[in-house]
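S.K.: What would the 3D arrangement of this be:
(one chain, ligands or ions: 1)
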Amino acid sequence: MALAVGMRVLTRSLLRPWVRGPGATPGRTGPVAGGGDCVRCFGSPRVLVEPDPAAGFAVMKMRNPPVNSLSLEFLTEMLISLEKLESDKAFHAIIITSDCPGIFSAGLDLKEMCGRDPTHYAEYWKAVQELWLRFYLSHLVVISAINGVSPAGGCLLALSSDYRVLADNPKYAIGLNETLLGIVAPFWFKDTLVNTVGHRVAERALQLGLLFPPAEALRVGMVDQVVPEDQVQSAARSVLAQWLAIPGHARQLTKTLMRKPTADRLLKERDADIQNFVRFISRDAIQKALRTYLEKLKQKKS
Ligand SMILES: CC/C=C\C/C=C\C/C=C\CC/C=C/CC(=O)SCCNC(=O)CCNC(=O)[C@H](O)C(C)(C)COP(=O)(O)OP(=O)(O)OC[C@H]1O[C@@H](n2cnc3c(N)ncnc32)[C@H](O)[C@@H]1OP(=O)(O)O
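M.R.: Presented below is the predicted three-dimensional model:
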């Protein structure tokens, strides 16, 4: 309910034409980060959408610095942008990438799961479920251009796309590292990983909280392609052409056929999953583990 209200407010206030570049004003064309002109960018403070309707796709850039952690507001803004693109017949695909150098996404925002009350945890988890369901089942082709590190929820986001291109940088590790934080990846994170890399690789990766550097990620099938860092966006665009050449209805029905059973598992027990999360995350031991982890991240700097 709160999410629905929040989304209505955000839709009204945030989804206006958005033009990037020094001195750019809304409604005008301006330069964009990757070069070239942004004809009609739109979006919200944390999500920049660069549409190319003539080519049938849009680039969705995450920009929630410093690390694109998936806060409630950020999740909501991503959902709204995705819904807007899905409801526009001009778009058949999106490329999701990051505007934060070196970071695709640091995953779920630990501050949303630490020191808050059960109502907040429930609202937050519902938004996490919603984003996964929308991306995982989207009728659009979703390509991840992974231009940075992507642990846990960042990895889940990438795994929810149809194809993953990862920049070849040893720092850009990807994986579901929840156990390293003393928490447990829920069954639908696990199912998404199993569907991608198979049961044995997933079992080992999940228990050990493995974060795979690019070559390893490619070897186990966690990503589909590893390319030099400066070619991630162009590689994503090239592969998109192949996906868009397939008759859309046939591809979409096939995607549904492959993914619906996994999504249905969550859809059937959404409320129970929320309650389970709230119970788990509220435990003193889990709260302590998360605080300690956040503290370690801070200490790493000093
Ligand atoms: C029986 C039970 C069964 C089932 C259980 C039921 C339910 C399931 C329960 C729980 C599941 C919950 C699932 C969670 C999934 C997640 O996504 S958890 C998040 C995991 N993420 C990480 O581990 C990444 C942590 N971050 C990093 O490793 C580094 O920050 C990173 C490599 C991304 C970048 O490094 P660097 O560039 O050096 O930046 P800093 O480390 O200095 O970070 C900058 C500031 O950002 C803050 N920060 C980093 N990550 C997060 C985050 N995920 N959330 C919030 N904040 C984050 C960091 O603290 C710094 O803040 P500061 O500037 O110090 O204020």
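S.K.: From the contact counts, what lies against whichever strand or helix holds L75?
M.R.: Per DSSP states H and E: L75 is located in helix 72-86. Under the contact definition 3 or more Cβ pairs under 8 Å, 6 or more residues apart in numbering; DSSP states H and E, helix 72-86 sits against helix 2-14, strand 42-44, strand 47-52, strand 57-62, helix 118-137. C-beta coordinates here come from the backbone N, C-alpha and C atoms, glycine included.
S.K.: hmm, the helix or strand following that helix in reach of the ligand?
M.R.: Helices and strands here follow DSSP H and E; after helix 72-86, the next one along the chain is strand 93-98. No. Judged by Cβ under 6 Å from any ligand atom, strand 93-98 makes no contact with the ligand; its nearest approach is 11.0 Å.
S.K.: Could you point out the helix or strand that follows strand 93-98?
M.R.: Counting by DSSP H and E, what follows strand 93-98 is strand 102-103.
S.K.: Name the surrounding residues that touch that next one.
M.R.: P66, V67, N68, N147, G148, V149, N169, K171, Y172 (Cβ atoms under 8 Å, 6 or more residues apart in numbering).
S.K.: Now, of those, which are buried?
M.R.: Applying 16 or more other Cβ atoms under 10 Å to the contacts of strand 102-103, the neighbour count classes V67, N68, N147, G148, V149, N169, Y172 as buried.
S.K.: These also near the ligand: which ones?
M.R.: Restricting those to contacts with the ligand (Cβ under 6 Å from any ligand atom) yields V67, V149.
S.K.: List, one by one, the residues from the protein near the ligand.
M.R.: 66-67, 69, 103, 106-111, 149, 151-153, 177-178, 181, 183-184, 186, 276-277, 280-281, 294, 297-298, 300-301.
S.K.: out of these, which are inside strands?
M.R.: I103, V149, P151 (DSSP state E).
S.K.: out of those residues, which one sits closest to A263?
M.R.: P151 (23.0 Å; Cβ to Cβ).
S.K.: pretty sure the closest one contacts A106?
M.R.: Yes. Between P151 and A106 there is a contact at 6.5 Å, judged by Cβ atoms under 8 Å.
S.K.: pLDDT below threshold where in the chain?
M.R.: 1-39 (pLDDT under 70).
S.K.: Which of the residues of the chain next to the ligand fall in helices?
M.R.: The members of these that map onto helices under DSSP state H are G153, N276, F277, F280, I281, L294, L297, K298, K300, K301.
S.K.: How far off centre is the helix or strand where W243 lies?
M.R.: Here W243 sits within helix 232-244, counting by DSSP H and E. Computed by Cα atoms, centre = their mean, to the nearest Å, the chain-centroid distance of helix 232-244 equals 18 Å.
S.K.: now the end-to-end length of stretch 45-65.
M.R.: 11 Å (Cα to Cα, to the nearest Å).
S.K.: buried stuff in that stretch?
M.R.: 46-52, 56-64.
S.K.: what's the closest of the residues you listed to the ligand?
M.R.: N64 (10.0 Å; Cβ to the nearest ligand atom).
S.K.: these two touch, right, the closest one and L72?
M.R.: No. Using Cβ under 8 Å, N64 is not in contact with L72; the gap is 11.3 Å.
S.K.: I'd like the ones in strands among the residues of the chain next to the ligand as CSV, with distance to G248 appended.
M.R.: Output for those, formatted as CSV (distance: Cβ to Cβ, whole Å):
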residue, distance to G248
I103, 33
V149, 33
P151, 33
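S.K.: Phi, psi for V67 please.
M.R.: Torsion angles at V67 (phi, psi; degrees, to the nearest 10) stand at phi -130, psi 20.
S.K.: Report the contact partners of the residue lying closest to it once chain neighbours are set aside.
M.R.: Residue nearest to V67 in three dimensions, not counting chain neighbours: A106, with 3.7 Å by Cβ to Cβ, 6 or more residues apart in numbering. Contacts for A106 (Cβ under 8 Å, 6+ apart) come out as V67, N68, S69, V149, P151, A152, G154.
S.K.: could you check the distance from the first one over to L110?
M.R.: Looking back up the chat, that one is V67. 10 Å (Cβ to Cβ, to the nearest Å).
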